[in-house]
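In: Got a sequence here, can you build the structure:
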Amino acid sequence: MEPTNRISSEQELVIQKARKRIIEAIGNNMDLYGITPSTGHLYGLLFFQNKPMTLDEMGRAMEMSKTSMSTGVRTLVDLKMVHKVWEKGSRKDLYEVEMDWFQTFSDFFSLKWRKALEMNLSALRKSKAELSSLGTQAPEDSPLHETLQTDLHKIDEAIRYYQWLDRLIDTFESGEIFDWVPKDPPQS
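Out: Numbers count the residues shown, from 1 in each chain. The predicted structure follows:
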């Protein structure tokens with residue numbers, strides 16, 4: 001029998017079933033990252049496309065409104081999981097998934113961690129300044145001094161942690177993390 005260059009309907013069903021399983025898994029796990037399952041499903045849909053898609057095409061494929069697609073795509077673009085592409089002759093915005101999952105992971109956690117780090121460091125430093133100022137008024141043998149010293153020590157430890165996290169984020173942003181944890185396992 002001569003081999004064919006076409007995919008049979010049976011083979012197509014197997015492919016679609018496998019893709020659907022992966023898309024479902026991605027969608028169900030995206031809540032770990034603060035992303036709705038429908039946006040995760042959208043990411044999975046784009047992952048299996050061999051060309052960029054418009055919002056209209058995504059909406060038809062997922063049977064969702066253009067507004068829902070727009071919100072989901074905006075979330076994915078903000079997280080650098082999807083990016084807008086230009087295609088000659090097209091007047092509509094086109095989107096495709098970032099295929100480098102290592103970069104997607106690095107970008108996602110860098111964005112989330114950096115935001116939390118900045119917010120928490122700001123609160124810690126402001127509180128440390130206020131408590132340190134209050135400490136100048138407290139005699140060393142007073143309960144106030146003891147309470148302030150305990151709190152200031154805890155704040156210093158938290159600041160130390162966030163300074164470490166800042167350096168860790170830098171390794172993600174620079175790609176240096178892959179020197180420590182290679183993308184591929186070492187050959188044995």
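In: three-state assignment of the residue nearest in space to the middle of the chain?
Out: Centroid check for the chain by C-alpha atoms, centre = their mean gives residue 108 as the closest residue, at 2.5 Å. At residue 108 the chain is in helix, as set by DSSP: H, G, I helix; E, B strand; the rest coil.
In: Give me the distance between it and residue 41.
Out: Relative to residue 41, residue 108 is positioned 17 Å away (C-beta to C-beta, to the nearest Å). (Glycine included, C-beta is placed from N, CA and C.)
In: re the thing from before, hang on, the residue nearest to the centre of the chain packs against residue 81?
Out: Yes. Counting by C-beta atoms under 8 Å, residue 81 is a contact partner of residue 108 at 6.8 Å.
In: quick one: low-confidence ranges for this structure?
Out: 1-4 (pLDDT under 70).
In: could you pull out the helices for it?
Out: Listed in chain order, the helices found in the chain under DSSP state H are 9-29, 37-47, 55-62, 66-78, 101-135, 143-174, 177-180.
In: Kindly reformat these as JSON lines and extend each row with distance to residue 94.
Out: Listed next are the helices of the chain as JSON lines, based on distance: least, C-beta to C-beta, whole Å:
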{"stretch": "helix 9-29", "distance to residue 94": "20"}
{"stretch": "helix 37-47", "distance to residue 94": "11"}
{"stretch": "helix 55-62", "distance to residue 94": "9"}
{"stretch": "helix 66-78", "distance to residue 94": "11"}
{"stretch": "helix 101-135", "distance to residue 94": "19"}
{"stretch": "helix 143-174", "distance to residue 94": "27"}
{"stretch": "helix 177-180", "distance to residue 94": "30"}
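In: Pick the most buried one from those helices.
Out: helix 37-47 (a mean of 22; mean count of other C-beta atoms under 10 Å).
In: so it versus helix 101-135, what angle?
Out: Orientation check (axes from the mean of the first three to the mean of the last three C-alpha atoms, to 10 degrees): helix 37-47 against helix 101-135 gives 140 degrees.
In: for helix 37-47, packing partners?
Out: Applying 3 or more C-beta pairs under 8 Å, 6 or more residues apart in numbering; DSSP states H and E, one finds that helix 37-47 makes contact with helix 9-29, helix 55-62, helix 66-78, strand 94-97.
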